[in-house]
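Okay, here's the prediction I keep looking at, along with the sequence it came from:
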Amino acid sequence: MNTLAYEFSIAQRRVLDRYTCFLSSLYTTFNNIPLVFERRRASGHRLAVLASDSRLNNASFNARYLREFWQRTEDARRLCSTYVADLSLFTAETRDIIKNTSRNEPLSQVDFKLYGLSRSPTWQLFPPNDVPDLIHELALRFSSLRADIRQLKYTIAEVHDESFGLKSVFVRAMDHRSCQCHTQPTVAEELFREARTAPVWDLAYSSAEPHVRATEYKADIATLFNGLASASSQISVFLEETILRIDTVFQALLKAERVSKVGELNFQLTATKEGAEEFMAMINHLETWLRK
């Protein structure tokens, strides 16, 4: 695998963390907006109203998805490691069978119990009766791994897609007037007017002035949305490439089921094992980056 072609940066990792924090903070921030409106009304201004928007509803769920993303990737990595080890052992055992028989030994004459996989405590479908059944079991295991990686991609894609609507809701709310009788100050400025309503955010503001903080806060969040779009797109492409490689191994194992001689099986397995090691390296690469 060409790691440089799929390199992820520390900055991109920080984007995921900060966006997760941003999503988690939205509930409190938006709950403070009515307090801002009431504060303005108590000062003699006409009460403003901000219409609710359903696009906010999934913010907390997406925050949870991102918080769990590393653990789910780690789970997939462990599963991948187990299945690649199964394939490697199966390949080595096939070579041993060739040494004890010949490359032309009919696969139908090979006792499937010579393979360690035959003693597996769990099966994707049913216990095997012959070597092709064992090969099919290997294929099904990689098929289940492919489904897990596809689910990771779906999670990132969902967070990415919903970020566009969320950005629109956020910008509209922050730029909304804080009372009906004046266009200024905006909601964002009024939120920073008092500590109890100020958005909780990890930004070193250049001034204590509410309008300065509001401007810097909105600019930082805009940059964060851009960073998320870039990072999530790269992760999605990476995961799609991983899925394609797993699918190649899956298809190769289905093809290996149909060979008639042990030598042919060995040839197929050797090439398949190399492909499996490549996507194993890719999953390791992603998990290591997420762990930082």
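Right, received. Where do you want to start?

how about the helices in the stretch 101-250 of the chain?
For the stretch 101-250 of the chain, helices defined by DSSP state H, counting those that start in this stretch occupy the ranges 131-174, 187-191, 210-256.

just checking, what packs against the last one?
The reference is to helix 210-256. Packing partners of helix 210-256 (3 or more Cβ pairs under 8 Å, 6 or more residues apart in numbering; DSSP states H and E): helix 10-42, helix 131-174, helix 187-191, helix 262-291. For the C-beta atoms, the positions are set from N, CA and C on the backbone; glycine is no exception.

Show the average pLDDT along it.
On average, the pLDDT along helix 210-256 is 96.

chain center to it: distance?
Relative to its chain's centre, helix 210-256 lies at 8 Å (Cα atoms, centre = their mean, to the nearest Å).

How about the contacts made by the residue nearest to Glu105 when sequence neighbours are not counted?
Take Glu105 and drop its neighbours on the chain: the residue closest to it by Cβ to Cβ, 6 or more residues apart in numbering is Val262, 4.5 Å away. Residues in contact with Val262 (Cβ atoms under 8 Å, 6 or more residues apart in numbering) are 94, 97-98, 101-107, 110.

Could you do Arg95 as well?
By Cβ under 8 Å, 6+ apart, the residues touching Arg95 are Asn266.

in which helix or strand would I find it?
Secondary structure assigned from DSSP states H and E places Arg95 in helix 59-100.

Point me to the residue sitting farthest from the middle of this protein.
Relative to the C-alpha centroid of the chain, counting by Cα atoms, centre = their mean, Gly44 is the outermost residue, at 49.1 Å.

and stretch 275-292, which residues are buried?
275-276, 279-280, 282-283, 285-287, 289-290 (16 or more other Cβ atoms under 10 Å).

what residues does stretch 206-219 touch?
Applying Cβ under 8 Å, 6+ apart, the set of residues contacting stretch 206-219 from outside is 171, 174, 185-186, 188-193, 198-199, 201, 203, 205.
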